[in-house]
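J.: quick one, what's the 3D model for this:
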Amino acid sequence: MTLSLPVIGMYMIATPGPRALRHNIWFLHHIFTPVFLALIGIRLRIEGTEHLDPARSYVIVGNHRSSLDFIVNAAAFPGVYRYLAKQELQKIPVFGWVVKKMCLIVDRSSAMSRARSVINLKQQLAEGWSIFIYPEGSRNNTADALGDFHDGAFRVAIQTGAPLAIQTLVNVRDVIPLNTSLELRPGILRIVWEKPIETAGLRQDNMAALKDQVRALMESRLSTF
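T.: All right, here's what the predicted structure looks like:
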């Protein structure tokens, strides 16, 4: 990362704006992450990418089990996406600057702010970005396969009409055991993509059923391991 940041910074200076952002995120997803994973001895076995259409933008959801997830998420997706992040993350020194530049921030302070955020998300999807949201909200450090799902990811998918792409990290605890964020074990990580769920025409009263459907798909993958 230390070697990569000057490259990203120089590119942002030389080519400012949306083009630099897309190129920098592509670099992080498809150059930095494979090199990083190779250096720590982790290989990915990715299944189901044939279900993803490179011409479409998705709201992506995935399970969250470890500090390594965000790197694996990026390497497993054939295109580029932006994370949906909380406003509070912008306050963290240095990392907050990266969040502000690379991620999409949702303002939930009022109904008007939330409405503006939805308009912005629709615009980002129309411009070819996919959006990644962890439905569990934060990392699941329990012994349960999945934590409780929040409504946010499913509300965004329904409100924007974007297809919902589901990514499951099946055996992440093989490389990062429970209750540690520092120990890494070289090995093979299995990642599975489901066939995306179309959300066009769905309403807010369909959200609970959509959330249950996604949870069942993830649980079915995790139960086979």
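J.: contacts only, for P34.
T.: Listed by C-beta atoms under 8 Å, 6 or more residues apart in numbering, the contact partners of P34 are A75. No exception for glycine: its C-beta is placed from N, CA and C like everyone else's.
J.: what's the first helix or strand after the host helix or strand of it?
T.: Here P34 sits within helix 33-39, counting by DSSP states H and E. The helix or strand immediately downstream of helix 33-39 is strand 42-47, counting by DSSP H and E.
J.: any idea of the mean pLDDT for the helix or strand hosting M10?
T.: Assigning secondary structure by DSSP H and E places M10 in helix 4-14. Helix 4-14 carries an average pLDDT of 67.
J.: just stretch 167-184 next, same as before
T.: For stretch 167-184, the mean confidence score works out to 78.
J.: go on, stretch 32-52?
T.: pLDDT averaged over stretch 32-52 gives 93.
J.: tell me the gap between whichever strand or helix holds A20 and the middle of its chain.
T.: Using DSSP H and E, A20 sits within helix 18-27. Averaging C-alpha positions (C-alpha atoms, centre = their mean, to the nearest Å) puts helix 18-27 16 Å from its chain's average.
J.: tell me how far the residue nearest to I92 when sequence neighbours are not counted lies from M207.
T.: Nearest residue to I92, sequence neighbours excluded (C-beta to C-beta, 6 or more residues apart in numbering): V99, at 7.4 Å. Distance, V99 to M207, by C-beta to C-beta, to the nearest Å: 27 Å.
J.: A85 bridge partners, please.
T.: I105 (DSSP bridges).
J.: in this structure, where is pLDDT below threshold?
T.: 1, 4-5, 7-9, 11-17, 89, 94-95, 97-98, 107-115, 178-182, 225 (pLDDT under 70).
J.: what helix or strand is the most centrally placed residue in it on?
T.: Centroid-nearest residue in the chain: F132, 3.3 Å away (criterion: C-alpha atoms, centre = their mean). Per DSSP H and E, F132 falls inside strand 130-133.
J.: dump that strand to PDB, restricted to CA.
T.: What follows is the C-alpha trace of strand 130-133 in PDB, where atoms were taken according to Å, rounded to 0.1, in the frame of the first residue of the first chain:
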ATOM      1  CA  SER A 130     -21.700  -0.700  -9.000                       C
ATOM      2  CA  ILE A 131     -22.200  -0.100  -5.300                       C
ATOM      3  CA  PHE A 132     -21.100  -2.600  -2.600                       C
ATOM      4  CA  ILE A 133     -22.900  -2.700   0.700                       C
END
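J.: neighbouring strands of it in the sheet, and parallel or not?
T.: strand 59-62 (parallel), strand 81-86 (parallel).
J.: hang on, the earlier thing: mind checking how far the residue nearest to I92 is from K86?
T.: V99 is 9 Å from K86, by C-beta to C-beta.
J.: for these two, indicate the residue with more neighbours.
T.: Between V99 and K86, counted using other C-beta atoms under 10 Å, V99 has the larger neighbour count: 20 against 15.
J.: thank you, goodbye.
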